[in-house]
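> Predicted structure and sequence below. I'll ask about it afterward.
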Amino acid sequence: ITPTGMAYEALKPKDIVWLDLDGVAKGRRKPSSEWRFHCDIMRARPDVNAIVHAHPTFSTILAIMNKEIPPIHYMVAVAGGTSIRCAPYALFGTEELSRNAVAALEGRQACLLQHHGSIAVTDTPGGGATFTIHIPPAQLPQAPPSGPIPAGIHVATIAVESEREVPLKPRTRADMKVRS
């Protein structure tokens with residue numbers, strides 16, 4: 001997991017914090033405050049080997065508006081369902097946020113976190129998909145709408161496969177020890 005308080009551009013392989021599924025960290029830095037939902041998702045989802053948590057601007061806009069992403073693009077189906085759910089709000093780093101994220105990801109590969117950002121999961125370490133929302137800036141509403149996403153705003157969900165500049169050794173679930 002990435003360390004807390006460090007810019008992604010500055011990351012070096014030695015900065016990555018290794019966690020076991022109990023949340024025990026190894027490394028020279030402290031893990032992100034979101035370590036808990038990473039561990040809980042991995043425990044709840046044996047099919048998951050990689051988790052991407054991010055704060056893409058337009059996904060976060062929808063999350064702030066507490067909007068799920070409806071089935072308006074084929075990538076919603078790729079994410080595993082008829083929508084990309086928005087998990088209810090909970091304070092960052094808490095067990096409640098973790099429970100909400102795990103529930104929103106049930107049967108899905110991606111979710112939004114209300115007032116926060118997004119999570120995408122995959123079975124392939126190093127091949128994580130980041131789901132982002134594109135709304136042309138000229139069409140952004142001046143105030144959050146109270147109902148469905150307004151007509152004229154084009155929302156597209158896209159998956160981006162990215163090679164990280166920081167080469168990380170792929171890990172498998174077998175590398176993570178769970179204490180009984």
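Yes, it's here.

> so how far is residue 30 from residue 93?
12 Å (CB to CB, to the nearest Å). All C-beta atoms are positioned from the backbone trio N, CA, C, and that covers glycine.

> List the buried residues in the helix or strand residue 59 falls within.
Using DSSP states H and E, residue 59 maps to helix 57-64. For helix 57-64, a neighbour-count test (16 or more other CB atoms under 10 Å) marks 58-64 as buried.

> try stretch 87-99
Under 16+ other CB under 10 Å, the buried positions of stretch 87-99 are 87-88, 90, 97-99.

> With stretch 46-54 instead?
48-53.

> mind putting the buried residues of helix 57-64 in a markdown table, distance to residue 6 included?
Output for these, formatted as a markdown table (distance: CB to CB, whole Å):
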| residue | distance to residue 6 |
| --- | --- |
| 58 | 24 |
| 59 | 22 |
| 60 | 20 |
| 61 | 25 |
| 62 | 27 |
| 63 | 23 |
| 64 | 25 |
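
> Among the residues you listed, which one lies nearest to residue 44?
residue 63 (20.8 Å; CB to CB).

> Residue 69: what's its closest spatial neighbour, skipping adjacent residues?
residue 84 (3.9 Å; CB to CB, 6 or more residues apart in numbering).

> Could you measure from that neighbour over to residue 76?
To residue 76, residue 84 is 6 Å away according to CB to CB.

> ok, now residue 111?
For residue 111, the distance to residue 76 - CB to CB - is 12 Å.

> what do the two both touch?
Shared contacts of residue 111 and residue 76 (CB atoms under 8 Å, 6 or more residues apart in numbering): residue 84.

> Settle it for me: which of those two has more neighbours?
residue 111 (31 against 20; other CB atoms under 10 Å).

> Please enumerate the helices of this structure.
Taking DSSP state H as the test, the helices found in the chain are 35-44, 57-64, 74-78, 95-104.

> Tell me where this protein has strands.
Assigned by DSSP state E, the strands in the chain fall at 18-19, 25-26, 50-54, 86-87, 110-113, 117-122, 129-134, 156-161.
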